[in-house]
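A.B. asks: predicted model and sequence follow; I will ask about them next.
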There are 2 protein chains.
Amino acid sequence: MKLKNDKQLKIILASGSPRRKELLKMIEIKDFAVIPDETEEIFALGLTPEQSVCKTALQKAKNVSKLCNPDDLIIAADTEVYLDGQHFGKPTDAQDAEDMLKRLSGRCHTVYTGLAIILGDDIITGAESTAVYFRELSDKEITNYVKTGEPMDKAGAYGVQGMGSVFIERLEGDFFNVMGLPVCRLTIMLRNLGVDI
Amino acid sequence: MKLKNDKQLKIILASGSPRRKELLKMIEIKDFAVIPDETEEIFALGLTPEQSVCKTALQKAKNVSKLCNPDDLIIAADTEVYLDGQHFGKPTDAQDAEDMLKRLSGRCHTVYTGLAIILGDDIITGAESTAVYFRELSDKEITNYVKTGEPMDKAGAYGVQGMGSVFIERLEGDFFNVMGLPVCRLTIMLRNLGVDI
């Protein structure tokens, strides 16, 4: 990828998520390095979910930028699931995954992703939210789903692009935001920084 | 896949679409045969888009069922794009693809998929619709996108799960419906027929 002045950019994805890597490749950003950052979610008092995911994404981007060259392009993201104002992280074990899925069953929850991009002295952030409507799930299908292992590394204990797809009646917003990387917003943010994508 | 009485089912997908094959595999339906049917879309006077896609899907399923055993499970689908009441099929050439994308730019269109399932004497159909909001596209990005070839085999001249993903600001409904197979509805329809999925 290049800046508008044709300067070649080195791109760093500050995330180890296989889904984010896949989505960058999907939008033809194929040449990038991965430096995961293990920053925990930041839930400061008084922050909205949007502010919280942006703050966390920015912290990840800043941490990783310290390991990079000053003119590298750093992309970081943080995705969180909220239901009734309560935050759902990744499940701690199979029982926790079952409990989360029982609470999401038949309800609408919201997925937030914060994006942070650092390019030299420029730092920008942005958040996207998507409403996800689950149909009613039976206890049996929850148990069977948890047994597949798919929920264990995912916020909210489901994969939107896997077997968890059959739980979702409808959504409102960006689908790829639920996968962890809102590609439409990312593209616009990169262009705002002068990147020729 | 099995019926509830443990009888093993032979599954036939009446579609050559690589995206539909991929989506069946995604929901763990891995053992199926493909028999494409080339039925053209049926646009009878007085039919709503939902009725039109169901009628076309049913015709595909019936055509393919004649080539199969009476107890095979046939799954057929038809996907169409509508804007302002006008139907958008697959583009005929690069210019047609550019024209379609210019019309979709900055607007909301609707994608309809009809599903038809035949299992012995049981025949069921169902339709799903999804509203898709495109951001404003520049002429340059439309031209560059058409050059990739991605639009050419797709209704509406874009791929929702490819480079076309960056055009979509938001959607309302089932994402997989836009890919050509609404997997949540399909699962419910199969269960209504007694299939143990």
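C.D. replies: Alright, I've got the coordinates.

A.B. asks: contacts for the lowest-mean-pLDDT helix or strand in chain A?
C.D. replies: Least confident helix or strand, chain A: strand A:86-88 with a mean of 91, by mean pLDDT, DSSP states H and E. Residues outside strand A:86-88 that contact it (C-beta atoms under 8 Å, 6 or more residues apart in numbering or on different chains) are A:41, A:43, A:49, A:80-82, A:100, A:103-104, A:109, A:155-157. To be clear about C-beta, it is placed using only N, CA and C from the backbone, and glycine gets the same treatment.

A.B. asks: number of nearby residues for residue A:91?
C.D. replies: If you count neighbours by other C-beta atoms under 10 Å in any protein chain shown, residue A:91 ends up with 22.

A.B. asks: which of the contacts of strand A:86-88 count as buried?
C.D. replies: Buried subset of the contacts of strand A:86-88 (neighbour count, 16 or more other C-beta atoms under 10 Å in any protein chain shown): A:41, A:49, A:80-82, A:100, A:103-104, A:109, A:155-157.

A.B. asks: next SSE after the longest helix along chain A?
C.D. replies: Ranked by number of residues, the top helix in chain A under DSSP state H is helix A:49-65. Later in the chain than helix A:49-65, the nearest helix or strand by DSSP states H and E is strand A:73-83.

A.B. asks: so that next one versus helix A:49-65, what angle?
C.D. replies: 150 degrees (axes from the mean of the first three to the mean of the last three C-alpha atoms, to 10 degrees).

A.B. asks: hmm, strand A:73-83 in reach of chain B?
C.D. replies: No - if you take C-beta under 8 Å from any C-beta of the partner chain as the test, strand A:73-83 misses chain B, and the best it gets is 14.3 Å.

A.B. asks: that strand pairs with which strands, parallel or anti?
C.D. replies: strand A:11-13 (parallel), strand A:86-88 (antiparallel), strand A:108-119 (antiparallel) (DSSP bridges).

A.B. asks: worst average pLDDT in these?
C.D. replies: Lowest mean pLDDT within these: strand A:86-88, a mean of 91.

A.B. asks: ok, then the element right after that one?
C.D. replies: For strand A:86-88, the succeeding helix or strand toward the C-terminus, using DSSP H and E, is helix A:94-104.

A.B. asks: hmm, residue A:108 and residue A:131 touching each other?
C.D. replies: Yes - assessed by C-beta atoms under 8 Å, residue A:131 is found in contact with residue A:108 at 5.5 Å.

A.B. asks: check contacts around the nearest residue to residue A:69 once chain neighbours are set aside.
C.D. replies: Leaving out its chain neighbours, the residue that sits closest to residue A:69 by C-beta to C-beta, 6 or more residues apart in numbering or on different chains is residue A:10, at 6.8 Å. Contacts here follow C-beta under 8 Å, 6+ apart; on that basis residue A:10 touches A:33, A:68-69, A:71-73.

A.B. asks: return the distance of residue A:10 relative to residue A:116.
C.D. replies: 17 Å (C-beta to C-beta, to the nearest Å).

A.B. asks: list the buried residues for the least confident helix or strand of chain A?
C.D. replies: So, applying 16+ other C-beta under 10 Å, buried residues of strand A:86-88: residue A:88.

A.B. asks: same deal with stretch A:134-151?
C.D. replies: For stretch A:134-151, by 16+ other C-beta under 10 Å, it's A:134-135, A:137, A:141-142, A:145-146, A:150-151.

A.B. asks: gap between the two ends of that stretch?
C.D. replies: 15 Å (C-alpha to C-alpha, to the nearest Å).

A.B. asks: name the helices or strands packed onto the strand or helix carrying residue A:169?
C.D. replies: Assigning secondary structure by DSSP H and E places residue A:169 in strand A:168-173. Using 3 or more C-beta pairs under 8 Å, 6 or more residues apart in numbering or on different chains; DSSP states H and E, the elements in contact with strand A:168-173 are strand A:122-134, strand B:168-173.

A.B. asks: now do the contacts for residue A:68.
C.D. replies: Per C-beta under 8 Å, 6+ apart, neighbours of residue A:68: A:10, A:12, A:35, A:74.

A.B. asks: change it to 10 Å
C.D. replies: Applying C-beta atoms under 10 Å, 6 or more residues apart in numbering or on different chains to residue A:68 gives the contacts A:10, A:12, A:14, A:33, A:35, A:74, A:118.

A.B. asks: from those, which is closest to residue B:55?
C.D. replies: residue A:14 (50.0 Å; C-beta to C-beta).

A.B. asks: tally up the residues packed near that closest one, please.
C.D. replies: Residue A:14 has 29 nearby residues by other C-beta under 10 Å.

A.B. asks: so it sits against residue A:118, correct?
C.D. replies: Yes - between residue A:14 and residue A:118 a contact is recorded at 8.9 Å, counting by C-beta atoms under 10 Å.

A.B. asks: find the residues that touch each one of these two.
C.D. replies: Shared contacts of residue A:14 and residue A:118, defined by C-beta under 10 Å, 6+ apart, are found at A:61-62, A:64-65, A:68, A:74-76.

A.B. asks: any chance of the residues you listed in TSV, plus distance to residue B:175 and pLDDT?
C.D. replies: Compiled in TSV, those are given as follows (distance: C-beta to C-beta, whole Å; pLDDT from 0 to 100):
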residue	distance to residue B:175	pLDDT
A:61	28	97
A:62	32	97
A:64	30	97
A:65	33	97
A:68	34	96
A:74	29	98
A:75	23	98
A:76	24	98
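
A.B. asks: can you lay out those as JSON lines showing distance to residue A:170?
C.D. replies: Formatted as JSON lines, those follow (distance: C-beta to C-beta, whole Å):
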{"residue": "A:61", "distance to residue A:170": "32"}
{"residue": "A:62", "distance to residue A:170": "36"}
{"residue": "A:64", "distance to residue A:170": "35"}
{"residue": "A:65", "distance to residue A:170": "38"}
{"residue": "A:68", "distance to residue A:170": "40"}
{"residue": "A:74", "distance to residue A:170": "34"}
{"residue": "A:75", "distance to residue A:170": "29"}
{"residue": "A:76", "distance to residue A:170": "29"}
